[in-house]
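Participant: Fold the following for me, if possible:
(one chain, ligands or ions: 2)
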Amino acid sequence: MSESEPQLPQDGLIAYWPAAIDAHEATALFNQLHHGLDWQSDQVLMFGKQIIMKRKFVWIGDPGCTYRYAGIERAPNPWTSELLMIKKVMEHVANHSFNACLLNLYHDGDEGMGWHSDDEKELNCQAPIASLSLGATRKFAFRHKSDKTTISLNLEHGSALIMYPPTQTYWSHSLLKTKRPVGPRINMTFRSIVPASGYR
Ligand SMILES: O=C(O)CCC(=O)C(=O)O
Ligand SMILES: [Fe+2]
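Facilitator: Residues are numbered from 1 along each chain as shown. Ligands and ions are numbered 1, 2, ... in the order given. Purely as a prediction, here's the structure:
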């Protein structure tokens, strides 16, 4: 496994590992997750209306790792043995430990994720976020919040993208939609949550 070069010019730090997991393992994992998880419909509040997204998600984490996202509070689902195994790999790649993971399922190129940064208040802002991609290769882009510089990279099957602080402070990111016919993709972002006060 080796790192390859895409980098942010300023105000952040990323590392891209094209083959964090080998292709065979990545395919087996994709199939297990695709069929084995209880995928939920994502909802966003738009112009005061709840819109159901085609994209699906699963929120996994240690007890107490509740996540408020797009106005909805999400209690964590427990870790499975394969998710714990992947968490270990990603902890090794990122050199950091994680207590939660957001999985997103994009059925095709019509589904993506708009510009945002992962800077919710329950996230430990000193910790990296480690993203693992499985399935179709898709384009992912960073845009600087003030000068709008944009950097894009293709996230390949089995690749890891680590976003270190202060990337989320200065850069937004997006999973771009595409008109190219592409198959499904699962993305897992391993995160470090500061558990809600009721749990501490
Ligand atoms: O699908 C991806 O690669 C990105 C997902 C993402 O940005 C997120 O879950 O916050
Ligand atoms: Fe994100």
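Participant: mind checking the SS state of the residue of the chain found nearest ligand 1?
Facilitator: At 3.2 Å from ligand 1, Asn187 is the closest residue in the chain, using CB to the nearest ligand atom. In this view, the C-beta of every residue, glycine as well, is placed from N, C-alpha and C. Classification of Asn187 using DSSP: H, G, I helix; E, B strand; the rest coil returns strand.
Participant: isn't it right next to Ala136, touching?
Facilitator: No - Asn187 is beyond contact range of Ala136, at 10.5 Å (criterion: CB atoms under 8 Å).
Participant: Please enumerate the shared neighbours of those two.
Facilitator: Common contacts of Asn187 and Ala136 (CB atoms under 8 Å, 6 or more residues apart in numbering): Tyr106.
Participant: Measure how buried the residue of the chain closest to ligand 1 is and give me the count.
Facilitator: For Asn187, the neighbour count with other CB atoms under 10 Å is 22.
Participant: Find the nearest non-adjacent residue to it, please.
Facilitator: Asn104 (4.9 Å; CB to CB, 6 or more residues apart in numbering).
Participant: And the strands in the protein, which stretches?
Facilitator: In the chain, strands defined by DSSP state E lie at 13-17, 40-46, 49-61, 67-69, 72-74, 100-106, 113-116, 129-135, 138-144, 150-155, 160-164, 171-175, 185-191, listed in chain order.
Participant: burial count for the residue nearest to Asn187?
Facilitator: Asn104: 21 neighbours (other CB under 10 Å).
Participant: Surely it is in contact with Met53?
Facilitator: No - at 9.8 Å, Asn104 does not count as touching Met53 under the criterion of CB under 8 Å.
Participant: Pull up the overlap in contacts between these two.
Facilitator: By CB under 8 Å, 6+ apart, the residues touching both Asn104 and Met53 are Asp42.
Participant: for the closest residue to Arg191 other than its chain neighbours, which residues make a bridge with it?
Facilitator: Among residues not flanking Arg191 along the chain, Ala100 sits closest, at 4.8 Å (CB to CB, 6+ apart). With DSSP bridges as the criterion, Ala100 is bridged to Gly61, Arg191.
Participant: close enough to count as contact, Ala100 and Met188?
Facilitator: No - the criterion here is CB under 8 Å, and Ala100 misses it with Met188 at 10.7 Å.
Participant: Could you report the neighbour count for the spatially closest residue to Gly183 that is not a sequence neighbour?
Facilitator: Using CB to CB, 6+ apart and skipping residues adjacent in sequence, the residue nearest Gly183 is Ala136, 4.6 Å away. Ala136: 21 surrounding residues under other CB under 10 Å.
Participant: Can we start the residue count at 16 from this point?
Facilitator: Sounds good: first residue 16 from here, last item Ala151.
Participant: How about the contacts made by Ala151?
Facilitator: 121, 124, 172, 197-200.
Participant: how about 7 Å then?
Facilitator: 197-200 (CB atoms under 7 Å, 6 or more residues apart in numbering).
Participant: Name the member of the residues you listed with the most neighbours.
Facilitator: Busiest of the contacts of Ala151 [other CB under 10 Å] is Arg200, holding 23 neighbours.
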